[in-house]
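Novice: Return a 3D structure for these sequence lines:
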Amino acid sequence: MNTLSVARDFAGAYCPNKTFLLPQGLADELAALGRLPEQMPAGAYARKVVEQLLIDLSWSSSHLEGNRYTLLDTEELFKSGAAPTDSDAIMLLNHKAAIEFMVDAVPVQGLTPVVVRNLHAVLMQGLLVDETALGTIRNKIVNISGSVFLPAQAPQLLGEMFGHVVAKSREIRNAVEAAFFLWVNLAYLQPFEDGNKRVSRLAANIPLMLYNQAPLSFIDVDRDDHALAMMGVYEARDVSMAVDLFAWTYRRSQARYKAVLDAVGKPDAFRIRHREALTQAVVQVVRNGKKPAQAVSLLRLPAADKARFAQLLARELGALAPYNCARFRLGVDEAQAWIDKGRPGLA
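Specialist: Sure thing, here's the model as predicted:
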């Protein structure tokens, strides 16, 4: 059987929602574990944790490719905004740009071949000798280092298989199963000249974004474990090691981003404690013409809280608008009049 027939059998024998690569019970368990509890628009989960995800997924995926930057180096690179000086920095910054692309594009465009091809183009810009290969279904032979596996070749049929893989992923109702299917099948098919495993790791997040599941960052995955899991897929179409690795890393990712969500979602205890004082201060400024510092001085606040309270007051006055003034017991007209005066008292 030729390599294209094997590739067709691997993806072609799969029937969405009837057959499973993950054990069905495991897929359901992981989906329940990682689901955002409230109903929100597609991509909301990813947007809530995007700052941490950019660092985690960029570093872990690059690390699995042999990138020499540490997690701390990666964070500093992203904060600095400096131009890349080596291929490792380019790889990391490309990952960051690719994740940002997904967060923006996926809720609007969904899971399509064009989105995945653009994902490849962003991930591999500046890293391929031939720029025309960016996002292009390959027409060259590729070899897998350390493996006897020879991926399918013929470009037209590769493009057909690529379309089938994406289409089947889109039909899978369990987002975690869809993520796993997309991960192993894109890596197995090798549709691009280079960067296929990188594309597969990031693309696995597309179904998770669409269904507001915790993202998959591959954080703490050992390079040797990842290589063994991929080798089982390549050489024997055996996903058992990949299943174990995926389940382990998804549980870690879910716990990590749940903690991020919990931190983001916690009410501001300081604001709650000084809620009535904040209302009094806003009224003093807007209705009575006091300067913010005077308004603060009229309150009986602990000395240790005054500086932080002044900052909170300044933020609230800066954001005050006719459509949100009722929370401070202000009328629309008086709030608008104060705004029209140029928000007097604010620096």
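
Novice: Outside of the helix or strand containing Asp224 itself, list whatever touches it.
Specialist: Asp224 is located in helix 223-236, with elements delineated by DSSP states H and E. Defining contact as Cβ atoms under 8 Å, 6 or more residues apart in numbering, one finds that helix 223-236 is touched by 63-64, 66, 144, 146-149, 184, 187-188, 197, 218, 238-242, 244-246. Yep, even glycine has a C-beta here, placed from its N, CA and C like the rest.

Novice: 10 Å instead?
Specialist: By Cβ atoms under 10 Å, 6 or more residues apart in numbering, the surrounding residues in contact with helix 223-236 are 10, 21, 60, 63-66, 144-151, 183-185, 187-188, 190, 197, 200-201, 218, 221-222, 238-246, 248-249.

Novice: hey, which helix is longest across the chain?
Specialist: Scanning the chain for the helix with the most residues, using DSSP state H, yields helix 240-265.

Novice: what's that one packed up against?
Specialist: helix 24-34, helix 44-48, helix 50-63, helix 175-189, helix 205-210, helix 223-236 (3 or more Cβ pairs under 10 Å, 6 or more residues apart in numbering; DSSP states H and E).

Novice: do you know which of those helices lies nearest Leu128?
Specialist: Comparing the helices and strands packed on helix 240-265 by their distance to Leu128 (Cβ to Cβ), the top pick is helix 50-63, with 16.0 Å.

Novice: what pLDDT, on average, does the closest one get?
Specialist: Here helix 50-63 scores 96 as its mean pLDDT.

Novice: Quick check: next helix or strand after it?
Specialist: Later in the chain than helix 50-63, the nearest helix or strand by DSSP H and E is helix 71-80.

Novice: what's the angle between that following helix and helix 50-63?
Specialist: Going by axes from the mean of the first three to the mean of the last three Cα atoms, to 10 degrees, helix 71-80 is angled at 130 degrees with respect to helix 50-63.

Novice: Show the secondary-structure elements that helix 71-80 is packed against.
Specialist: Counting by 3+ Cβ pairs under 10 Å, 6+ apart, helix 71-80 packs on helix 50-63, helix 87-109.

Novice: winner for burial among those helices?
Specialist: helix 50-63 (a mean of 23; mean count of other Cβ atoms under 10 Å).

Novice: Can you pull the domain assignment for this structure?
Specialist: Domain ranges of the chain: 3-265, 269-340, per automatic domain parsing.

Novice: So for Leu346, which of those domains sits nearest?
Specialist: Of all the domains of the chain, domain 269-340 sits nearest to Leu346, with 5.7 Å by Cβ to Cβ.

Novice: next one: the closest one to chain centre, how far?
Specialist: Domain 269-340 has its C-alpha centroid displaced from the chain centroid by 36 Å (Cα atoms, centre = their mean, to the nearest Å).

Novice: what is the rounded mean pLDDT of it?
Specialist: Taken as a whole, domain 269-340 carries a mean pLDDT of 92.

Novice: okay, how far is it across it, tip to tip?
Specialist: Domain 269-340 has its terminal residues 32 Å apart, counting by Cα to Cα, to the nearest Å.

Novice: coming back round to it: go through the helices and strands packed on helix 240-265 and find the least confident stretch.
Specialist: When the helices and strands packed on helix 240-265 are compared on mean pLDDT, helix 44-48 scores lowest, with a mean of 88.

Novice: any idea how far it is from the chain center?
Specialist: So, by Cα atoms, centre = their mean, the centroid of helix 44-48 is 7 Å from its chain's centroid.

Novice: what's that helix in contact with?
Specialist: Helix 44-48 is contacted from outside by 34-36, 38, 40-41, 53, 99, 102-104, 106-107, 205-206, 208-215, 257, 260-261, 264-265, using Cβ under 10 Å, 6+ apart.

Novice: residues of it that come out buried?
Specialist: Across helix 44-48, burial judged by 16 or more other Cβ atoms under 10 Å covers 45-48.

Novice: residues in contact with Leu92?
Specialist: Residues near Leu92 by Cβ under 10 Å, 6+ apart: 54-55, 58-59, 61-63, 67, 69, 73-74, 77-78, 84.

Novice: Quick check: the residue nearest to Ser61 when sequence neighbours are not counted vs Ile172, distance?
Specialist: Excluding the flanking residues, the one nearest Ser61 by Cβ to Cβ, 6 or more residues apart in numbering is Arg201, at 4.9 Å. The gap separating Arg201 from Ile172 is 18 Å, by Cβ to Cβ, to the nearest Å.

Novice: coming back round to it: and the buried residues of helix 44-48 as CSV, adding distance to Ile272?
Specialist: Putting those into CSV (distance: Cβ to Cβ, whole Å) gives the following:
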residue, distance to Ile272
Tyr45, 26
Ala46, 28
Arg47, 25
Lys48, 21
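
Novice: now, among the residues you listed, which is nearest to Val166?
Specialist: Ala46 (19.0 Å).

Novice: Leu134 and Ser169, how far apart?
Specialist: 22 Å.

Novice: Might you report the residue contacts of the residue nearest to Ser61?
Specialist: 57, 60-61, 64-65, 95, 123, 182-183, 186-187, 216-218, 221, 226.

Novice: Over to Phe162?
Specialist: 7, 11, 113, 116-117, 137, 185-186, 189-192.

Novice: Looking at neighbours, which among those is most surrounded?
Specialist: Counting by other Cβ atoms under 10 Å, Pro191 has the largest number of neighbours within the contacts of Phe162, with 29 neighbours.

Novice: ok, and for the helix holding Asp224, which residues are buried?
Specialist: Within helix 223-236, the residues that count as buried by 16+ other Cβ under 10 Å are 226, 229-234.
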